[in-house]
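*Asks:* Pasting a predicted model and its sequence here:
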Amino acid sequence: MHVTLPLDDPDYPSLLRRTPDAPRALHVDGAIDALWHPSIAIVGSRNATPGGFDNARQFARAFARAGWCVVSGMALGIDTAAHLGALDEGGATVAVLGTAIDVAYPRRNAGLMRRIAASGAVVSEYPPGTKAHPGRFPARNRIVAALSLGTLVVEAAHESGALITARLAGDAGREVFALPGSIHNPMSRGCHRLLRDGATLVESPGEIIAALAPIALAYADDLRGRLHAPNCAVAALQHASPSMDANTQRLWEALGHDPTPMEALVLRTGLTAAELVSMLLVMELEGRVVSEHGRYTRRDTHKAS
């Protein structure tokens with residue numbers, strides 16, 4: 001589905017709208033809801049090493065399994081690995097283009113672009129027909145950073161677009177993470193520079209998920225407004241409510257009193273991780289659910305009272 005979202009459209013993603021240089025309009029091919037999921041950006045070199053490519057794909061898989069949307073720029077190398085990792089798990093992924101949404105760049109990623117639009121969204125600030133131009137790719141990096149609660153840099157040269165994205169993320173008050181690498185790998189120098197400048201060193205996806213969980217919970221306030229979730233403290237603590245829609249009821253019944261990982265909830269409910277994370281964030285904000293280390297359990301209402 002191709003749509004254009006003006007800046008004042010209620011479907012325009014709130015995180016992006018808050019930035020001072022938000023696009024006046026956003027062109028979208030795919031699911032608009034993907035732009036509202038809590039997201040992590042994964043960026044890095046087009047000339048990724050095999051190890052860097054594998055790391056980006058593995059991190060993206062873990063994020064998708066935990067219900068996060070993966071945002072990247074659909075370039076070769078690390079960007080491609082990030083999108084593929086999310087798709088491997090049936091998760092949501094968003095590609096921010098430096099061309100129009102009807103122009104695949106690079107051309108070899110045309111098939112990937114169609115897959116992303118089918119399970120997430122392809123977005124651009126440029127109108128249909130806009131071709132590739134070197135100046136447009138650094139500009140799109142601000143959208144990658146703004147749509148995400150945090151940015152992970154996997155591999156990057158000392159001067160690269162990935163470092164621009166990381167800087168923009170930091171300027172916007174977002175978390176920046178970097179993977180350390182070999183001192184002999186030129187593609188590690190950008191990450192090491194970020195680490196010297198204060199980025200968080202990470203070695204596993206769980207570290208990033210844990211760091212961003214409180215921020216995602218705060219963002220759930222916007223999400224709740226979009227989903228028109230009830231805001232009643234009494235109803236929130238009920239074991240079930242007639243006002244629950246069918247999917248929320250199914251999720252509630254799938255939750256136990258023992259911590260349950262996202263993978264188990266996907267199997268029990270038949271819903272995707274992307275669908276579940278939206279409902280879980282709202283339920284956590286309202287006091288029905290407790291989250292710890294990527295596992296979810298019903299809140300003990302007796303202790304709450």
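*Replies:* It's in.

*Asks:* List the residues that contact residue 41.
*Replies:* By C-beta atoms under 8 Å, 6 or more residues apart in numbering, the residues touching residue 41 are 70-72, 144-145, 147-148, 150-152, 165, 169. Where you see a C-beta, it was placed from the backbone N, CA and C, and this is true even at glycine.

*Asks:* what bridges to the residue nearest the centre of the chain?
*Replies:* With distances taken as C-alpha atoms, centre = their mean, residue 39 lies nearest the centre of the chain, 1.8 Å away. Counting by DSSP bridges, residue 39 is bridged to residue 69.

*Asks:* Name the residues of the strand or helix carrying residue 145 that come out as buried.
*Replies:* Taking DSSP states H and E as the criterion, residue 145 maps to helix 136-146. Neighbour-count burial for helix 136-146, counted by 16 or more other C-beta atoms under 10 Å, picks out 136-137, 140-146.

*Asks:* what's it packed up against?
*Replies:* Here helix 136-146 touches helix 14-17, strand 39-43, strand 93-96, helix 161-171, going by 3 or more C-beta pairs under 8 Å, 6 or more residues apart in numbering; DSSP states H and E.

*Asks:* hang on, the earlier thing: could you export the buried residues of helix 136-146 as a markdown table, including pLDDT?
*Replies:* Supplementary listing: the buried residues of helix 136-146 in a markdown table, determined by pLDDT from 0 to 100:
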| residue | pLDDT |
| --- | --- |
| 136 | 92 |
| 137 | 91 |
| 140 | 94 |
| 141 | 94 |
| 142 | 95 |
| 143 | 97 |
| 144 | 97 |
| 145 | 96 |
| 146 | 95 |
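
*Asks:* Adding distance to residue 59 as columns, could you present the contacts of residue 41 in TSV?
*Replies:* Output for those, formatted as TSV (distance: C-beta to C-beta, whole Å):
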residue	distance to residue 59
70	9
71	13
72	11
144	16
145	17
147	17
148	13
150	12
151	12
152	6
165	16
169	16
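
*Asks:* confidence score at residue 20?
*Replies:* Note on residue 20: pLDDT of 87.

*Asks:* what does residue 242 give?
*Replies:* pLDDT, residue 242: 46.

*Asks:* Below-threshold pLDDT in the chain: ranges please.
*Replies:* The chain contains residues with pLDDT under 70 at 218-244, 274, 285-286, 293-294, 300-305.

*Asks:* those strands in it, which residues are they?
*Replies:* Secondary structure of the chain (DSSP state E): strands located at 2-6, 25-30, 39-43, 69-72, 93-96, 121-124, 150-153, 175-178, 200-201, 260-261, 289-292, 295-298.

*Asks:* Residue 61 is nearest to which of the ones you listed?
*Replies:* strand 69-72 (9.2 Å; C-beta to C-beta).

*Asks:* from the chain's centre, how far out does the closest one sit?
*Replies:* 4 Å (C-alpha atoms, centre = their mean, to the nearest Å).

*Asks:* ditto for stretch 189-197
*Replies:* Counting by C-alpha atoms, centre = their mean, stretch 189-197 comes out at 23 Å from the chain centroid.

*Asks:* So for that stretch, what gets flagged as buried?
*Replies:* Neighbour-count burial for stretch 189-197 flags 189-195 (criterion: 16+ other C-beta under 10 Å).

*Asks:* From these, which land in helices?
*Replies:* The helices, defined by DSSP state H, take in 189-195 from these.

*Asks:* and these as TSV, adding distance to residue 55?
*Replies:* Converted to TSV, those look like this (distance: C-beta to C-beta, whole Å):
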residue	distance to residue 55
189	16
190	14
191	11
192	15
193	18
194	15
195	15
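
*Asks:* Isn't residue 128 up against residue 25?
*Replies:* No. Using C-beta atoms under 8 Å, residue 128 is not in contact with residue 25; the gap is 11.7 Å.

*Asks:* Between those two, which is the more surrounded one?
*Replies:* residue 25 (17 against 12; other C-beta atoms under 10 Å).

*Asks:* And the helices and strands packed on helix 136-146: which comes nearest residue 255?
*Replies:* Distance to residue 255, taken as C-beta to C-beta, is lowest for strand 39-43 among the helices and strands packed on helix 136-146, at 23.9 Å.

*Asks:* Tell me if I'm right that the residue nearest to the centre of the chain and residue 69 touch.
*Replies:* Yes. Shown here, residue 39 and residue 69 form a contact pair, counting by C-beta under 8 Å, at 4.2 Å.

*Asks:* Touching both of these two, which residues are there?
*Replies:* Counting by C-beta under 8 Å, 6+ apart, the contacts common to residue 39 and residue 69 are residue 94.

*Asks:* Can you give me the end-to-end span of stretch 10-25?
*Replies:* Start-to-end span of stretch 10-25 (C-alpha to C-alpha, to the nearest Å) is 12 Å.
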